[in-house]
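Chemist: Just to be clear, the model below is a prediction. Sequence and coordinates:
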Amino acid sequence: MVPFEQSPLLTGIPGVHHGFFGRRGGSSTGDFASLNFSDTVGDKPQHVAANRVATLEALGLPTI
């Protein structure tokens, strides 16, 4: 699971899912070794997709 932080103020609102993610814990490698979300910087599309899925899973949301 990728690490993230949450705001106690937002956590108390029913139906609001949120998280503040840094660069740690991603699937990207090499120059993009991080939790890269950008599909426009040259990272492999499968790594970007895996990073996005990992954040949805961390928040307990469906991964479509």
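Modeler: Received it, and whenever you're ready, just let me know what you need. Residues are numbered from 1 along each chain as shown.
Chemist: N36 is in contact with R24, correct?
Modeler: No: the criterion here is Cβ atoms under 8 Å, and R24 misses it with N36 at 11.5 Å. Where you see a C-beta, it was placed from the backbone N, CA and C, and this is true even at glycine.
Chemist: The two: who's more crowded?
Modeler: Neighbour tally, R24 and N36, criterion other Cβ atoms under 10 Å: the higher count belongs to N36, 21 against 10.
Chemist: and the spatially closest residue to the more buried one that is not a sequence neighbour, what does it touch?
Modeler: In space, and not counting its chain neighbours, N36 is closest to S28: 4.4 Å by Cβ to Cβ, 6 or more residues apart in numbering. When contacts are counted by Cβ atoms under 8 Å, 6 or more residues apart in numbering, S28 touches S34, L35, N36, D43, K44, H47, V48, N51.
Chemist: Next one: S28 from D43, what distance?
Modeler: Using Cβ to Cβ, to the nearest Å, S28 is found at 5 Å from D43.
Chemist: Quickly list what's touching both of those two.
Modeler: Taking Cβ under 8 Å, 6+ apart as the criterion, S28 and D43 both touch N36.
Chemist: how close does the spatially most central residue of the chain sit to G26?
Modeler: Centroid-nearest residue in the chain, with Cα atoms, centre = their mean: T55, separated by 3.1 Å. Going from T55 to G26 by Cβ to Cβ gives 9 Å.
Chemist: hey, what's in contact with both of the two?
Modeler: Common neighbours of T55 and G26 (Cβ under 8 Å, 6+ apart) are V2, L35.
Chemist: Give me the buried entries from the contacts of S28.
Modeler: For those, a burial check counting by 16 or more other Cβ atoms under 10 Å picks out S34, L35, N36, D43, H47, V48, N51.
Chemist: Just the CA trace of the lengthiest helix in the chain, in PDB.
Modeler: Determined from DSSP state H, the single longest helix within the chain is helix 45-58. What follows is helix 45-58, C-alpha atoms only, in PDB (Å, rounded to 0.1, in the frame of the first residue of the first chain):
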ATOM      1  CA  PRO A  45       1.900   3.700 -19.200                       C
ATOM      2  CA  GLN A  46       1.600   0.500 -17.200                       C
ATOM      3  CA  HIS A  47       3.500   2.000 -14.300                       C
ATOM      4  CA  VAL A  48       1.400   5.100 -14.300                       C
ATOM      5  CA  ALA A  49      -1.800   3.000 -14.400                       C
ATOM      6  CA  ALA A  50      -0.500   0.800 -11.500                       C
ATOM      7  CA  ASN A  51       0.300   4.000  -9.500                       C
ATOM      8  CA  ARG A  52      -3.200   5.300 -10.000                       C
ATOM      9  CA  VAL A  53      -4.800   1.900  -9.000                       C
ATOM     10  CA  ALA A  54      -2.600   1.800  -5.900                       C
ATOM     11  CA  THR A  55      -3.900   5.200  -4.700                       C
ATOM     12  CA  LEU A  56      -7.500   4.100  -5.300                       C
ATOM     13  CA  GLU A  57      -6.900   0.900  -3.300                       C
ATOM     14  CA  ALA A  58      -5.300   2.900  -0.500                       C
END
